[in-house]
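J.: Sequence first, then the predicted structure, then my questions.
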Amino acid sequence: MRESLNETMANERAWLSVEDLKLVNLPDVPDVTFKVENAGNTPASRVSAVSSQAIQRLLADGDEPSFEGTITEPILTETEPTLAQGKTRAYDFQVVRAMPLSAFPPKIQASLRKGPQFTDVLAGKAVLQVQIIVTYYDIFGHPHLTTNCIAYSATHGAPHPCEGGHQEQ
């Protein structure tokens, strides 16, 4: 009986996904654009989209490093009350890690100076990773999370999905 109830809830709940994730305006200060789609059968509530960004040096062999555990605190957040079933919402966030250090307060500048900069990404020495995290609640009051991720390095050409970047919980 419990299994049947869980199956019914899964069939009826909201199912959000991050689609069409892109980095645009490269090589200038890029924006990350994406859509959040509700492919479920009921509305999602308290929908929140967050951008988390990090830059790391490429490995000695030119491969991209693992970003696991290195994603920064959420940088940009946009919250909307609901997303109806069958509907899509578009988002456009600036990639603040690509902004000049002078755009940040002195304390943050000091922290950012410790690691690679966006200029290193453009020079092919580092990789930028932007992760999108969407949280929401279904009609049963259960919280859910879906993520997607995109990476860019001049060495690897066009922006591309991160390895293991899409997750749904």
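T.: Yes, it's here.

J.: tell me the contacts of the closest residue to Ala84 other than its chain neighbours?
T.: Spatially, and ignoring its direct neighbours in sequence, Ala84 is nearest to Pro43 (4.9 Å; C-beta to C-beta, 6 or more residues apart in numbering). Any C-beta I mention is one placed from the backbone N, CA and C, and that applies to glycine too. Going by C-beta atoms under 8 Å, 6 or more residues apart in numbering, Pro43 touches 14, 82-85, 139.

J.: same deal with Pro161?
T.: Applying C-beta under 8 Å, 6+ apart, we find Pro161 in contact with 21, 148-151.

J.: residues near Arg108, how many?
T.: For the record, residue 108 is Ile, not Arg. For Ile108, the number of neighbouring residues by other C-beta atoms under 10 Å comes to 12.

J.: and it, what element?
T.: helix 106-113 (DSSP states H and E).

J.: can you list the weak-confidence ranges in the chain?
T.: By pLDDT under 70, the weakly predicted segments of the chain are 1-2, 5-6, 61-62, 64-78, 164-169.

J.: Of the contacts of Pro43 - the most surrounded one?
T.: The most crowded member of the contacts of Pro43, judged by other C-beta under 10 Å, is Ala14 (24 neighbours).

J.: From what I see, that residue and Thr82 are in contact.
T.: No - counting by C-beta atoms under 8 Å, Ala14 sits too far from Thr82 to count as a contact (9.1 Å).

J.: overlap in contacts of these two?
T.: With contacts defined as C-beta under 8 Å, 6+ apart, the residues shared by Ala14 and Thr82 are 43-44.

J.: Roughly how far does the residue most central in space within the chain sit from Leu83?
T.: Centroid-nearest residue in the chain: Ile132, 1.5 Å away (criterion: C-alpha atoms, centre = their mean). Shown here: Ile132 relative to Leu83, a distance of 15 Å by C-beta to C-beta, to the nearest Å.

J.: Asp63 too?
T.: In this view, Asp63 and Leu83 are 37 Å apart by C-beta to C-beta.

J.: Other residues contacting the lengthiest helix in the chain?
T.: Secondary structure of the chain per DSSP state H: the longest helix is helix 2-12. Contacts with helix 2-12, where a contact means C-beta under 8 Å, 6+ apart, come from 40-42, 138-140, 142.

J.: Who does the helix or strand that comes right after it pair with, and is each partner parallel or antiparallel?
T.: Remark: after helix 2-12, the chain's next helix or strand is strand 16-24, criterion DSSP H and E. Here strand 16-24 has these sheet partners by DSSP bridges: strand 31-38 (antiparallel).

J.: got the buried residues for the strand it pairs with?
T.: 31-32, 34, 36-38 (16 or more other C-beta atoms under 10 Å).

J.: All set, thanks.
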